[in-house]
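Structure of the sequence below:
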Amino acid sequence: MTTQLSSRFGRSGLDGRSRPPLVAVAHGSRDPAALRTVTALLDRVRRLRPGLTVRLGHIELDEPLLPDTLARLRGTAVVVPLLLARGHHIAHDIPAALADAPHLTAHLARPLGPHPLLAEALHARLREAGARRPGAVVLAAAGSRAPESAADTGRTARLLSARLGGVPVLPAYASAPAGSPLSVPAALRALAARGHHRPALASCFTAPGRFAAQCAAAAPGPAAAPLGDHPALAELVLHRYDRALAARTACDPDPTRAATVTV
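Alright, predicted model coming up:
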């Protein structure tokens, strides 16, 4: 399935030597496994696109920080957030870092979700956790106050449900206030009321961290690992990179193409 999706959405076989560098933006975490996981993902991206320069910058907590990564580049770069939905980081933090790098022309790609390749990676991680035929799934995500974040996560839940053959998938958020109907415990209670007492938990996180661990600990059934260096996620990183470049040249046929930010 991943091969079919990558042939439809990605162009990972193209040589990257003549293309601008890809700057991947991770959130950052106090969990040391997060940096190792993101590094493994970017190593896979490099193998898929030989010759493409791939750099990493973090929003907080881990080094290198995004401003430091941008300071080392010149000319043009494509910035790909390793985030799975829109929110404050996409709308404010990353554009602010780009605005503070006037020496660089930066093209900002969309976040990784929603997209069928993301649903494919989520599905694969569920299968690895033993949830091959779950009766129901909670899609656990970080969450955000931005309404666009909930819209994106909701669409990812629908894509995952379709990938699972119509299994109910409820989006829920690690950062939702206690008792909120959007919290992971509330989603688990809602599914239990419908007779699903051991739903699987899909981890809509790029890498390990506090939120991912908190959600997994709440799961009464199989809990999938974060997406990490799954091949479909690496394909998706390159797909977002390619769309951002296509949008720059005004020849992108995708109506949901990446926003381009030039500073």
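
any idea how far residue 213 is from residue 194?
Residue 213 sits 27 Å away from residue 194, going by CB to CB, to the nearest Å. The way it works is simple: take the backbone N, C-alpha and C, and place the C-beta from them, glycine included.

These two: who's more crowded?
Applying other CB atoms under 10 Å to residue 213 and residue 194 shows that residue 213 carries more neighbours, namely 17 against 12.

where's that one, which helix or strand?
In this structure, residue 213 sits in helix 210-218 according to DSSP states H and E.

May I have that helix exported as PDB, CA atoms only?
Taking Å, rounded to 0.1, in the frame of the first residue of the first chain, the C-alpha atoms of helix 210-218 are listed here in PDB:
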ATOM      1  CA  ARG A 210       5.400  13.500  27.200                       C
ATOM      2  CA  PHE A 211       2.100  13.700  25.400                       C
ATOM      3  CA  ALA A 212       2.700  10.500  23.400                       C
ATOM      4  CA  ALA A 213       3.600   8.600  26.700                       C
ATOM      5  CA  GLN A 214       0.600  10.100  28.500                       C
ATOM      6  CA  CYS A 215      -1.900   9.000  25.900                       C
ATOM      7  CA  ALA A 216      -0.400   5.500  25.600                       C
ATOM      8  CA  ALA A 217      -0.600   5.100  29.400                       C
ATOM      9  CA  ALA A 218      -4.400   5.800  29.300                       C
END
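
Run through who's touching it.
29-31, 140, 142, 172, 174-175, 184-185, 188, 201, 203, 205, 223, 226 (CB atoms under 8 Å, 6 or more residues apart in numbering).

now the strands for the stretch 101-250 of the chain?
Assigned by DSSP state E, counting those that start in this stretch, the strands in the stretch 101-250 of the chain fall at 104-108, 137-141, 169-173, 200-203.

Could you export those strands as a markdown table, including mean neighbour count and mean pLDDT?
Output for those, formatted as a markdown table (neighbours: other CB atoms under 10 Å; pLDDT from 0 to 100):
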| stretch | mean neighbour count | mean pLDDT |
| --- | --- | --- |
| strand 104-108 | 22 | 96 |
| strand 137-141 | 30 | 97 |
| strand 169-173 | 25 | 96 |
| strand 200-203 | 28 | 98 |
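
can you redo those as CSV with distance to residue 22?
Rendered in CSV, the data for the strands of the stretch 101-250 of the chain read as follows (distance: least, CB to CB, whole Å):
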stretch, distance to residue 22
strand 104-108, 10
strand 137-141, 24
strand 169-173, 29
strand 200-203, 24
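
quick one: buried residues of stretch 185-197?
Buried positions in stretch 185-197, judged by neighbour count with 16 or more other CB atoms under 10 Å: 186-188, 190-191, 196.

Out of those residues, name the ones that lie in helices.
Among the buried residues of stretch 185-197, the members found in helices (DSSP state H) are 186-188, 190-191.

Could you dump the residues you listed into a markdown table and include pLDDT and distance to residue 85?
Output for those, formatted as a markdown table (pLDDT from 0 to 100; distance: CB to CB, whole Å):
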| residue | pLDDT | distance to residue 85 |
| --- | --- | --- |
| 186 | 94 | 19 |
| 187 | 95 | 16 |
| 188 | 96 | 21 |
| 190 | 95 | 21 |
| 191 | 96 | 21 |
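
from those, which is closest to residue 58?
Using CB to CB, residue 187 is the member of those that sits closest to residue 58, with 29.2 Å.

which of the residues in stretch 154-172 are buried?
Applying a neighbour-count criterion of 16+ other CB under 10 Å, one finds 154-157, 159-161, 163-164, 167-172 buried in stretch 154-172.

Which strands or helices does the strand ranked longest in the chain pack on?
Ordering each strand of the chain by length in residues (DSSP state E) puts strand 75-81 first. Applying 3 or more CB pairs under 8 Å, 6 or more residues apart in numbering; DSSP states H and E, one finds that strand 75-81 contacts strand 22-26, helix 94-99, strand 104-108, helix 231-248.

pLDDT of that strand, averaged?
Averaging pLDDT along strand 75-81 gives 97.

between it and helix 231-248, how many degrees?
130 degrees (axes from the mean of the first three to the mean of the last three CA atoms, to 10 degrees).
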